[in-house]
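Visitor: quick one, what's the 3D model for this:
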Amino acid sequence: MPAWTSDPTPRQLDCLRAIAEYETEHGYSPTIRDLMSALGVKSTSVPSHFLEQLGIKGYIKRDQKLFRTLVILEAGRKALEDYESD
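Guide: Numbering: from 1, shown residues only. Coordinates of the predicted model:
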């Protein structure tokens with residue numbers, strides 16, 4: 001993991017969990033609107049910001065030009081496991 005990467009915030013971890021749960025249930029990654037619903041927010045900017053920060057921190061990768069391309073990277077899975085075990 002890059003040295004500039006910091007730990008995800010609790011809300012960012014909630015977003016990671018929502019992505020993982022959606023992928024498990026549906027077999028593909030969620031859209032921004034799916035994440036809005038899962039996180040209980042009313043604006044697309046909230047999950048968009050979380051995804052941007054999670055990408056910068058090295059926890060996910062995505063192609064912003066294509067739909068449903070979110071991938072939780074190994075660092076993201078580890079952070080999620082650590083968070084859920086606390």
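
Visitor: just name the shakiest helix or strand of this protein by mean pLDDT.
Guide: Of all the helices and strands that make up the chain, the one with the lowest confidence by mean pLDDT, DSSP states H and E is helix 74-85; it has a mean of 92.

Visitor: hmm, who's touching that helix?
Guide: Helix 74-85 has contacts (Cβ atoms under 8 Å, 6 or more residues apart in numbering) with 1, 5, 7-8, 10, 13, 16-17, 20, 54, 57-60, 72. Backbone N, C-alpha and C define where each C-beta goes, glycine included.

Visitor: buried ones among the residues you listed?
Guide: Buried positions within the contacts of helix 74-85, assessed by neighbour count (16 or more other Cβ atoms under 10 Å), are 8, 13, 16, 17, 20, 54, 57, 58, 59, 60, 72.

Visitor: shouldn't the last one be in contact with residue 17?
Guide: No. Applying Cβ atoms under 8 Å as the test, residue 72 and residue 17 come out as separate, 9.9 Å apart.

Visitor: residue 31: which of the buried ones among the contacts of helix 74-85 is nearest?
Guide: Of all these, the one sitting nearest residue 31 is residue 60; the distance, using Cβ to Cβ, is 14.2 Å.

Visitor: number of nearby residues for residue 39?
Guide: Here the neighbour count serves as a burial measure; for residue 39 (other Cβ atoms under 10 Å) it reads 16.

Visitor: give me every residue that touches it.
Guide: Contacts for residue 39 (Cβ under 8 Å, 6+ apart) come out as 11, 14, 15, 18, 46, 47, 50.

Visitor: please, where are all the strands along this structure?
Guide: Counting by DSSP state E, residue ranges of the strands within the chain are 60-61, 71-72.

Visitor: select, out of these, the one closest to residue 29.
Guide: Across these, the minimum distance to residue 29, taken as Cβ to Cβ, is reached by strand 71-72, at 7.3 Å.

Visitor: walk me through which strands that closest one pairs with, and which way each runs.
Guide: Strand 71-72 has its sheet partners listed here by DSSP bridges as strand 60-61 (antiparallel).

Visitor: other residues contacting the partner strand?
Guide: Contacts to strand 60-61, defined as Cβ under 8 Å, 6+ apart, come from residues 16, 19, 51, 54, 55, 70, 71, 72, 73, 76.
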